[in-house]
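Build me a model:
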Amino acid sequence: MDWHFCKNPISPIIALQMGVILGGSLVVSGFMKLSGYTDDPNMYRWNNLPIFLHHWGLILLLLPAGWIVYLSVNTHQNGYYANSRLQIALGVVLTTILICIFYVGAMEAAFPSHRVRIAVQ
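Got it, this is the predicted structure:
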């Protein structure tokens, strides 16, 4: 059996992206719980980014999954890794963007300075 995918220089970047998404989702959700987040909309109005990452952050796993499918099809058709420098650069940029998104979301969840208590009438 030929394990050509393991020789792909993009594989560690994809694994890092998946780790950032999984770890970032767990960190954001944990910080929100520690900061008193509940699903009750009448308690506090939170920023949209931590709420999105808390509820839908794992859907970002479709980015590396789509990239894996693209690389598998591209490698199978061409027999080599075309444009690997471009793919590595795009992978590093995407990983950096994901890290920044989860960092900002985690900081907004950990220090909810923009959270506003809704007056109960």
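
Contacts only, for the spatially most central residue of the chain.
Residue closest to the average C-alpha location in the chain (Cα atoms, centre = their mean): residue 21, at 3.2 Å. When contacts are counted by Cβ atoms under 8 Å, 6 or more residues apart in numbering, residue 21 touches 57-58, 60-61, 63-64, 98, 102. For the C-beta atoms, the positions are set from N, CA and C on the backbone; glycine is no exception.

Okay, now the unreliable bits of the protein?
Scanning the chain for pLDDT under 70 picks out the ranges 1-8, 40-44, 75-83, 113-121.

What helix or strand is residue 104 located in?
Per DSSP states H and E, residue 104 falls inside helix 84-110.

so what secondary structure elements neighbour that helix?
helix 11-34, helix 48-56, helix 62-78 (3 or more Cβ pairs under 8 Å, 6 or more residues apart in numbering; DSSP states H and E).

Also compute the angle for the second one relative to helix 84-110, please.
So the one you mean is helix 48-56. Angle, helix 48-56 to helix 84-110, by axes from the mean of the first three to the mean of the last three Cα atoms, to 10 degrees: 100 degrees.

Dump helix 48-56 to PDB, restricted to CA.
The C-alpha coordinates for helix 48-56 follow below in PDB (Å, rounded to 0.1, in the frame of the first residue of the first chain):
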ATOM      1  CA  ASN A  48     -21.400  37.600  18.500                       C
ATOM      2  CA  LEU A  49     -18.000  36.000  18.000                       C
ATOM      3  CA  PRO A  50     -17.800  33.900  21.200                       C
ATOM      4  CA  ILE A  51     -21.400  32.800  20.800                       C
ATOM      5  CA  PHE A  52     -20.800  31.800  17.200                       C
ATOM      6  CA  LEU A  53     -17.600  29.900  18.100                       C
ATOM      7  CA  HIS A  54     -19.400  28.300  21.100                       C
ATOM      8  CA  HIS A  55     -22.300  27.000  19.000                       C
ATOM      9  CA  TRP A  56     -20.900  26.600  15.500                       C
END
